[in-house]
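> Curious how this folds, go ahead:
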Amino acid sequence: MTLGLMAAGCAIGTAVPTQVSAAVSDSDFDALKQQVQQMSGELQSLKQTNQQDQQTIQQLQQQLGETQTLATNAVQKAEAAAQPQPLPRVPIDEATVNHNFQILGDAEFQFSKATGQNAAFSLADFAPIFLYRGGDNVLFEAGFDFILQNNGGTPGTSTDSNPANPPGDTTPTANGTGYTTTINLSFAQLDYVMDDYVTLCVGDLLLPLGTYSERSAGWLNKFPDNPLAVDALLPGTGIGAELRGAIPVGDSGKFINYSVYGVNGPGSADGTGNAAQLDIAGGNVGFTSNGGMANLHGKPDGGGRLGIFLPFQPHCDLELGISAQSGEWDNAGNHLWTACVFDAALHLGSSLEIKGEYIQTQYGSDDLGTVHQQGWWVQAGYKLAGLNLELPVINNVELVGRFDSLQNGYDSGNNAFDFNTRRYSAGYIYYITTALLFEGDYEFLNSNDPSQVNQFILQLSYGF
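Numbers count the residues shown, from 1 in each chain. Coordinates of the predicted model:
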């Protein structure tokens, strides 16, 4: 039985392969072979496409690297271009005046009414400032005043210098002018920038006795006229030389500014040492009419100013300064004239400004001994734009007030001393534009000088 089963199994195993082999025909085999060949071709095509893609990726990577390099170079060039570039040095023999010459300045026109006097258009002033840059380090500046005023004469007379009439002629004419035109050299100085901290100035200098004459006069002044003590006690300019500059303190914007100078200083109007002959208005300049030397006394004056500027938040800062000048004033060299000034300026935001000066002078004389004079002024201005009312007219208005005092001043009209004056001024500034201003103020005076009276002043001023 067992042997029979084994024989039957062997017979079945031998018969199965024969049946399977007979199931695969030649056509099926050819079809399968064709499919294998097709798949092989597709695989080869995929390999070629992959190689092309790899080449494309490499090209893109190369182009990306070149683009990054160009971008880096462009950034470096832009950063280099943004750095401050030194001004080109100008050859001294090249005619560059048209490229380095500017005219700035201001003009004022006044209408006034004083107590006991007729109302009138009282002043027309044109004050150009000429600026010239002669290279990296050389600067020149000069200011002039062209002033038109009534001459106080009778109608129908002329005191002008019209070619039709000799200078000073007061012969009645059919169309007499009744006014005079004066031309004054306000200042003229040559500046040489020695380095970042020192500048040498020579010429007819604006003296840094306080800050008013350098920073507030003319169009920059918030009032139509100057403080009493500035006009009466201090010289505005002087012939000489000066070293000035500023030194930073830390990195928060603080700095110390300084100036040291020597100038001819005040002189004697008639050569004597009498008190009434002191001339602080700049008479001690140039040669005398007989060809004498420029300085009317043996030694020049020396002076200087030291100040500190302290910003403490945006648009808020405080500046304090002290200045002085001293030297001989009479021709014989027997008497000294000395001045000392304390100045301060405070800004609280962009709308409120307060500033002022205290001035003290003294000088010796032949007839009255030592003469002491002093004065001070303080003024404030508030721009109504700080109220944030969004009103066009109100936002263009600044209200201003000033108190100034002059003690023991000399009055040339009465030829006497001991005239004390206190003045209270209240006014406004209407900013038609940032450069065109319409100003007005009323001045109340309390004085034992009968020539000092209350007055109302309107002024149109333009800065250019």
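> Sketch out the low-pLDDT regions of the stretch 201-350 of the chain for me.
Applying pLDDT under 70 to the stretch 201-350 of the chain flags residues 282-283, 288-289, 291-294.
> hmm, try it at 90
Scanning the stretch 201-350 of the chain for pLDDT under 90 picks out 213-221, 231-232, 236, 250-253, 267-273, 275-300, 331-333.
> ok, now which ones touch the residue lying closest to Asn257 once chain neighbours are set aside?
In space, and not counting its chain neighbours, Asn257 is closest to Ala246: 4.4 Å by CB to CB, 6 or more residues apart in numbering. (Each C-beta comes from the backbone N, C-alpha and C, glycine too.) Contact partners of Ala246, counting by CB atoms under 8 Å, 6 or more residues apart in numbering, are 197, 255-258.
> go on, Trp329?
With contacts defined as CB under 8 Å, 6+ apart, the neighbours of Trp329 are 265-268, 278, 297, 335-337, 363.
> If any of these are buried, put those into a PyMOL selection.
The following PyMOL line selects those of these that are buried, judged by 16 or more other CB atoms under 10 Å:
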select buried, resi 265+266+267+268+278+297+335+336+337+363
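> Columns distance to Gly327 on top of the contacts of Trp329, output as TSV?
Shown next, in TSV, are the contacts of Trp329 (distance: CB to CB, whole Å):
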residue	distance to Gly327
Gly265	4
Pro266	8
Gly267	10
Ser268	13
Leu278	12
His297	8
His335	10
Leu336	7
Trp337	7
Tyr363	10
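> need the contacts of Trp329 in JSON lines with secondary structure and distance to Val453, can you?
Below are these laid out as JSON lines (DSSP: H, G, I helix; E, B strand; the rest coil; distance: CB to CB, whole Å):
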{"residue": "Gly265", "secondary structure": "coil", "distance to Val453": "33"}
{"residue": "Pro266", "secondary structure": "coil", "distance to Val453": "28"}
{"residue": "Gly267", "secondary structure": "strand", "distance to Val453": "31"}
{"residue": "Ser268", "secondary structure": "strand", "distance to Val453": "31"}
{"residue": "Leu278", "secondary structure": "strand", "distance to Val453": "26"}
{"residue": "His297", "secondary structure": "coil", "distance to Val453": "37"}
{"residue": "His335", "secondary structure": "coil", "distance to Val453": "34"}
{"residue": "Leu336", "secondary structure": "strand", "distance to Val453": "35"}
{"residue": "Trp337", "secondary structure": "strand", "distance to Val453": "30"}
{"residue": "Tyr363", "secondary structure": "strand", "distance to Val453": "29"}
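> and of the contacts of Trp329, the nearest to Ile432?
Pro266 (39.7 Å; CB to CB).
> separation between that closest one and Leu64?
According to CB to CB, to the nearest Å, Pro266 and Leu64 sit 78 Å apart.
> give the contact list for Arg244.
Contact partners of Arg244, counting by CB under 8 Å, 6+ apart, are 198-199, 201, 208, 257-261.
> Equivalent analysis for Asp196, please.
Residues near Asp196 by CB under 8 Å, 6+ apart: Gly245.
> How about Leu207?
Remark: with contacts taken as CB under 8 Å, 6+ apart, Leu207 is in contact with 213, 234-238, 261, 263, 303, 325.
> By neighbours, which of the residues you listed wins?
Gly238 (28 neighbours; other CB atoms under 10 Å).
> in which helix or strand would I find it?
Taking DSSP states H and E as the definition, Gly238 sits inside strand 237-249.
> swap in Gln51?
Per DSSP H and E: helix 26-82 holds Gln51.
> Now Ile457: phi and psi?
Reported as degrees, to the nearest 10, the phi and psi values for Ile457 are phi -130, psi 130.
> same check, this time on Gln360
In terms of degrees, to the nearest 10, the main-chain angles of Gln360 are phi -140, psi 130.
> Could you pull out the buried residues of stretch 342-358?
Of all the residues in stretch 342-358, those buried under the rule 16+ other CB under 10 Å are 342-347, 351, 353, 355-358.
> Of those, which belong to strands?
Among those, DSSP state E puts 342-347, 353, 355-358 in strands.
> Now do the contacts for Leu387.
By CB under 8 Å, 6+ apart, the contact set of Leu387 is Ile394.
> Now do it, the pLDDT please.
Note on Leu387: pLDDT of 91.
> One more: the one 3 residues further on?
Per-residue pLDDT puts Glu390 at 81.
> what's around it, how many residues?
Using other CB under 10 Å: Glu390 sits among 8 other residues.
> wait, is it part of a strand?
No - applying DSSP: H, G, I helix; E, B strand; the rest coil, one finds Glu390 to be coil, outside a strand.
> about what we covered before: Leu437: which of the contacts of Trp329 is nearest?
Pro266 (33.1 Å).
> and the closest one, backbone torsions?
Taking degrees, to the nearest 10 as the convention, Pro266 sits at phi -60, psi 160.
> just to revisit the earlier point, of the contacts of Trp329, closest to Leu460?
Set against Leu460, the nearest of the contacts of Trp329 by CB to CB is Pro266 (34.2 Å).
> if we can go back for a sec, identify, from the contacts of Ala246, the entry nearest to Gly286.
Using CB to CB, Tyr258 is the member of the contacts of Ala246 that lies nearest Gly286, at 28.4 Å.
> okay, the ones in strands among the buried residues of stretch 342-358 in JSON lines with distance to Phe312 next?
Output for these, formatted as JSON lines (distance: CB to CB, whole Å):
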{"residue": "Phe342", "distance to Phe312": "21"}
{"residue": "Asp343", "distance to Phe312": "19"}
{"residue": "Ala344", "distance to Phe312": "15"}
{"residue": "Ala345", "distance to Phe312": "14"}
{"residue": "Leu346", "distance to Phe312": "10"}
{"residue": "His347", "distance to Phe312": "10"}
{"residue": "Glu353", "distance to Phe312": "15"}
{"residue": "Lys355", "distance to Phe312": "17"}
{"residue": "Gly356", "distance to Phe312": "19"}
{"residue": "Glu357", "distance to Phe312": "22"}
{"residue": "Tyr358", "distance to Phe312": "23"}
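> which pair in these spans the largest distance?
The largest separation in those, counting by CB to CB, is between His347 and Tyr358 at 19.6 Å.
> rewinding a little: helix or strand right after the strand holding Gly238?
Using DSSP H and E, the helix or strand that follows strand 237-249 in sequence is strand 254-263.
> who's in contact with the host helix or strand of Leu445?
Following DSSP H and E, the helix or strand that holds Leu445 is strand 436-447. Here strand 436-447 makes contact (CB under 8 Å, 6+ apart) with 219, 222-225, 400, 402, 419-432, 452-463.
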